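>>> Just to be clear, the model below is a prediction. Sequence and coordinates:
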Amino acid sequence: MHAPRIGARTYLRTWIALLVLAAATLGLSFLPLGAFHAPVALLIAATKAALIALFFMHLADERGSIPIAVGIWVLLLAVLVTLTAADVLTRGEMLRPPASGP
Amino acid sequence: MDSAATAPHLASHFEDLAKQTHAARLGMWVFIGSEALLFSALFALYAAYRAAYPAAFRAAAGHTDLTLGSLMTGVLLTSSYLVAMGLARVRASRPRGAAGFLAGAVLLGIAFLALKGMEYAEHFRAGIYPGVGYRSATLPGAGANIFFTLYYAMTGLHALHVLGGVVLLIWLAWRVRAGRLTAVYHTPLELGGLYWHFVDVIWVFLWPLFYLLR
Amino acid sequence: MSTTATAPRPAGARPGQERSYLGVETTIRSWLATTDHKRIGLLFLIATAAALALGGSLALAMRLELLTPEPLFMDDLAYNRLFTLHGVIMVWLFMIPVIPASFGNFLLPLMIGARDVAFPRLNLASVYVYLAGAAVVLGGILASGADTGWTFYPPYSTTTPTAVVPVLLGVFILGVSSTMTGINFIVTTHTLRTRGMHWSRLPLFVWTLYGTSIIIVLATPVLGISLLLVAADHAFGLGMFDPARGGDPILFQHIFWFYSHPAVYIMILPAMGVITEVVTTFARKNLFSYGAMVVATLGIAFIGFLTWGHHMFTAGMSTFDVAAFGALSMFVAIFSAIKVFNWVATLYGGAIAVSVPLLYLFGFLFLFSVGGMTGVAQASTSLDVHWHDTYFIVAHFHFIMVGGTMMAYLAALHYWFPKMFGRLYSERWATAAAALVIGGFILTFSPQFWLGNAGMPRRYHTYPAEYQTLHVISTVGSWAITGGLVLTLVYLIVALRRGRPAGPNPWGSAAFEWQTPSPPPRENYITPPVIDRGPYDYHPPQQEHEDHG
Amino acid sequence: MSITGAPAAAMAVALAQDPVQPRHPWDALVAALNEFYRRALGLPEQASTIAPTIDHLHYFQITVMFAVAGVIGIVTTVFVFRYRRRAPDQIGRRVDVPHTVEVPLYTGLFALFMLFWIIGFRQFTSLELPPGDALDVYVSAKQWVWKFAYAEGPTSVGVLYVPAGRPVRLRLTSRDVIHSFFVPAFRIKRDAVPGMYTAIWFEAVRPGRYPVLCAELCGVGHSRMRAEVVVLSPQAFDDWRQGRPALPPPDAAAATPDAGRVSGLEPVDRLVELGRAAAARHGCLGCHSVDGSPGQGPTWLNLFGARETMQTGEVIYVNAAYITQSMMDPEAEIVAGFPPIMPSFQGRITPAETAAIIEYMKALSPAPGLRRGREYAPVGGAPAGAAGAAGAQPPPAGGATTGAPGAANVQVPAGSTRAAPPQHRPADPGHEEER
Ligand code: HEA
Ligand code: HEA
Ligand code: CUA
Ligand SMILES: [Cu+2]
């Protein structure tokens, strides 16, 4: 049975956390982070997504099949992105479309 | 069929309402997984193209409107919160408050679409069209072109989802007001909320990819 | 819908059959607006058989054309359209829905002791979405038909003047339909199992449907987006993969195969489920290793997602990805090996009755193994450099799809025909047809391995004259297959009207779906059954009982 | 390898066909097995260094497959007979699986699969990595022709000339849609993708002609998009590449073949000059000398009107029709003492050029021999006029005639990594090089 453990108070906290994180990533985007730029921004985005899923979408309350399902699709998403990008990243210099190297 | 009496919403092939709601939620989550993979193909393209054109992508990301983008982020996050609150109110048997929250979310959703439209218009003025039409003088070159093609494809697909979500929320708000969704039975609201939050999650990733990673 | 006519006349009804799902209502409307999973299954059975006939006719025309090295009765463009439409129809209109949407819909609730699937109206909608998709595809064919191959590679697909857009959109809509089925099956399996139907007691057919559904739900959207991108490019120059604008056509291949490789497992997994049901019923014994079979099913479903790049070894993909996808393909193959081993081992110690479904099972075992093993050879990368896009590949996938899935489809048809209609068909004619189909198959597709070795590329309208002999053999074989299939159609229709009554359980099977009357009543089980054994348990309960899994 | 005459050339070719003399009985066994399998599997000849290696993996896997398929067939049959149902209500025996069978079986099978993959992938990398001294050829595909350009020097359409015994790296690209360069005899294939370069290499083991097929669907002409690899001896290749005949041409008026320079000559002389230019451009002079010196093919000196003995022993008079046929379908008649390596120029040479080349040959044969014996009639039954004879060979129906020689200018600067942008969509403002 679905026990609504998560209520209005959690929602409020989640919302505030989300806004804080958004502000943080916005601020960080102005700092000269160099190569860490993308990882940091994506990490924050992933955190926000996790917050939304856990509390707004009540994933924290679910047991069994639903968390497993979510785990699977996150995994597959990662696989698709990784192996596709890996192709472009590891092609010989010759095969890469020219243009803007870093 | 022990609990059949208490539940007019129970379909004959389910044992009880709890099972039926669980089935509905599971179905929704599976559907969301499907949706996530829909976007993931575009995320994969983004990653691959960014690997191919890193500099052009950075330059182009610097060209999108950060203010509008951040505003949209705030708008969507807040609307998500409002939808969650709407659900909390329904559960607490306070339909009036719930409908108010949902109406707020609808307004924010519409505001998001308006901002998106403004941004598109701004780009069009600069000659930044998707695909063949692309003719920006400030950002020439293959990489920027691809960046904006992806930008239109991903934000466009997302905006379509927002649009669908807005329609869904209007219908839900109306049903809540009409007292059709109650503390006992509010599965449609739960599912609609899940969908809206998912749309939010997608934006949470689009925002850095197209605005922040400059 | 012609099936209305096939409902048994109430006059001849046997006890318990008055309430059969076929008999409760017989109006056309009661069929077209039904939410009964069994009737929906039958609707899909008819629709997919029509698709098979259409796709098969295209194949026949193609084979006829290939009799001579130079054009025989059509031009290059017509030929290119022909194999494109053959591929599109066979894959999306026939093979993907055929077992899940027809037999799956019919049997899944019966097998788990449920009254229906979780979302019956969604189920009905999937029929109409399928029909809409089919209509759009056929509209595209009438408009001028695509000539891109079923793989729609850009930039050719975005620049060809033929009607690719309707075909792409039609396939997209068909994808929506199968997603609906997939969601339904997953939720049904999770929430509607009856008392005592633990996961470790699920029939293997249910497990394979479950695995297939996972693939459908998670892979189809990726196909959808790749098709939409190509359609958008063709229609208004979106240019996501346009090299003139810095796009990379190889990336399309990545996302296309991210769907289409798992899609081949969408096609084979339910077939494997059918084979498991058939082998246990006709050997009248437990499955050799239930646990290994379940693991293999899930393994195929998940690892199958990691091997898409093996279609791109010569495409200019990076060497790193070639290595990764080659190795991952070996991983997924091991699960199929587990299955083959288990089916053969299940025969050991059985009480085997050779009947028509079992004949098709033998066809499946042998042909699927050969097809799968050639797949493994292709996955060893260097050999695929020679074989890629030759008839060797055509032979590989027809061995698996026709020799595997279609054999399983025919096995299913003959195995569950009495369940669905309560009647028996003529064993003798059925045996003759099976011989024709299997023999014709071998005649049609074996020569194609040699053609591929010799370097005959696929999708070739004209070809160097030295390949002609093998092509002629192949064409002749295709006529034998056709003979067998038409014969099947005939005696099955005859059996619908005149077949001997089957009784509830003509094969003496222990499987759950045979424990209801045949054909089953509208609500499947009058009282929800309680399960106290595994699905392949032929042995008295007093015997020490254990679960495998 | 020095070629001192036509017979020597033939001998060299014969030798090259058998580069490794079996020294050990084991080698002979391997060679015999190789040949047996190759024929049984219908594989084309092994004309590249990598082909036998790849084929050996093929044989290995096929053998395993036959064994496994055989085991499945036999075991199934045995079980069906041994355990057939003897009474209608008979029930099978319950068999529970011992894990001691499962685990080692699957581990062993998996090890076998990995072995396939390890061998296969090692071969794959060797297909990817050419030796350092490879000759680069730029291959550019276009609906529906293949064009070949060398880093410096000539280009050709539809025929790839390469030397035997030297690694050749192909850098492929396409101007429109994806094509795939496939040489069955070399066991190589690689897609030509617009907007980028892909690469593959091979080393041909002996002179000969090998078909090239397009293996990626590229439109209506796909099945007719064929070409040819002509493997020359290294020396012949060098001669061909420098566009020079074995010895300086007798007529020094135009040492550099260049059609543009001959505009001021008399009409017939001009035709002769055009013919010489065309012969140089298409590489005829790489094989045929014009001064009687030996080469890959018979010399053109005094050829026109002469009697030639064919391999079949038949004697043929060389007239315009026969020359035309030699260009379009060289394998129809093979001159005695020469290997059948001359490529077909069908669809690559315009009728006007054919006429000009014949005029050139006539000019090289000032004293035609007596016209005796049977007039040779080409397949098409052509009149003896040069242009008419050429016209008797209709260009193939596909798009191959688009490869007019003048268009054979694949401008790929060596070392550039950017393919010429595809031209299928005129309005592409963004295709300029970035930065
Ligand atoms: C139902 C469909 C189906 C299935 C199940 C498979 C299964 C497999 N396929 Fe196939 N495949 C296709 C349909 C299918 N394929 C299609 C349609 C194409 C062409 C697409 C196109 O381009 O149009 C294709 C193309 C294709 C290619 C690309 C070829 C090319 O274009 O160059 C490759 C390459 O690796 C491949 C590999 C495999 C492998 C390793 C498996 C494995 O899963 C097979 C595993 C099974 C076994 C291995 C058999 C059982 C095991 C034993 C009996 C034990 C003993 C085994 C050994 C000793 C080897 N397939
Ligand atoms: C998915 C399933 C599938 C099935 C079942 C088939 C079935 C057949 N296929 Fe096809 N084929 C493909 C999938 C399939 N194919 C794909 C994906 C391609 C690649 C396309 C591309 O390159 O893009 C292809 C390509 C392909 C080619 C290569 C074309 C080329 O590259 O140039 C050839 C050539 O021989 C061929 C032949 C056949 C034949 C003879 C059959 C026969 O088995 C058909 C026999 C069936 C019939 C003749 C129907 C008769 C039935 C009736 C009249 C009614 C009976 C009804 C009932 C019993 C219910 N197919
Ligand atoms: Cu070029 Cu096919
Ligand atoms: Cu595959």
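Cool, got the structure. Ligands and ions are numbered 1, 2, ... in the order given.

>>> Just the element for residue 78, please.
Since you didn't name a chain, this refers to chain A. Using DSSP states H and E, residue A:78 maps to helix A:65-90.

>>> that's the wrong chain, I meant chain C
Judged by DSSP H and E, residue C:78 forms part of helix C:76-88.

>>> which secondary structure elements does that helix contact?
In this structure, helix C:76-88 makes packing contacts with helix C:37-65, helix C:120-143, helix C:164-191, judged by 3 or more C-beta pairs under 8 Å, 6 or more residues apart in numbering or on different chains; DSSP states H and E. In this view, the C-beta of every residue, glycine as well, is placed from N, C-alpha and C.

>>> Select, out of those helices, the one closest to residue B:82.
Among the helices and strands packed on helix C:76-88, helix C:164-191 comes nearest to residue B:82, with 27.9 Å by C-beta to C-beta.

>>> Tell me how far that closest one lies from the chain's centre.
From the chain centre to the centre of helix C:164-191 is a distance of 14 Å (C-alpha atoms, centre = their mean, to the nearest Å).

>>> same question, stretch C:179-198
20 Å.

>>> Could you confirm whether it reaches chain B?
Yes: contact of stretch C:179-198 with chain B (C-beta under 8 Å from any C-beta of the partner chain) involves C:179, C:182, C:183, C:184, C:186, C:187, C:190, C:191, C:192.

>>> Measure how buried the fifth one is and give me the count.
To tie it back to what came earlier, the one meant is residue C:186. Residues lying near residue C:186 (other C-beta atoms under 10 Å in any protein chain shown) number 25.

>>> Excluding covalently adjacent residues, which one is nearest to it?
residue C:213 (4.8 Å; C-beta to C-beta, 6 or more residues apart in numbering or on different chains).

>>> Just confirm the one you found contacts residue C:190, I think it does.
No: between residue C:213 and residue C:190 there is no contact under C-beta atoms under 8 Å: 10.6 Å.

>>> Look at these two and report which has more neighbours.
More neighbours surround residue C:213 than the other of residue C:213 and residue C:190, with 29 against 21 (other C-beta under 10 Å).

>>> Would you mind listing the buried residues in the helix or strand of chain B with the lowest mean pLDDT?
Ranking every helix and strand in chain B by mean pLDDT, DSSP states H and E puts helix B:54-61 at the bottom, with a mean of 87. In terms of neighbour count (16 or more other C-beta atoms under 10 Å in any protein chain shown), helix B:54-61 has its buried residues at B:54, B:55, B:56, B:57, B:58, B:59, B:60, B:61.

>>> of these, closest to chain A?
Distance to chain A, by C-beta to the nearest C-beta, is smallest for residue B:55 among those, at 3.6 Å.

>>> what about the helix or strand hosting residue B:40, near chain D?
Residue B:40 is part of helix B:17-52, with elements assigned from DSSP H and E. No: applying C-beta under 8 Å from any C-beta, one finds helix B:17-52 separated from chain D by no less than 10.0 Å.

>>> which is the next helix or strand following the helix or strand where residue D:111 lies?
Assigned by DSSP H and E, residue D:111 falls within helix D:99-128. For helix D:99-128, the following helix or strand on the C-terminal side (DSSP H and E) is strand D:135-142.

>>> average model confidence for that following strand?
For strand D:135-142, mean pLDDT is 87.

>>> Stretch C:159-171 too?
pLDDT averaged over stretch C:159-171 gives 90.

>>> Can I take it that residue B:188 is in a strand?
No: the assignment for residue B:188, made by DSSP: H, G, I helix; E, B strand; the rest coil, is helix rather than a strand.

>>> that older thread, from the chain's centre, how far out does the helix holding residue B:40 sit?
Between the centre of helix B:17-52 and the centre of its chain there are 12 Å (C-alpha atoms, centre = their mean).
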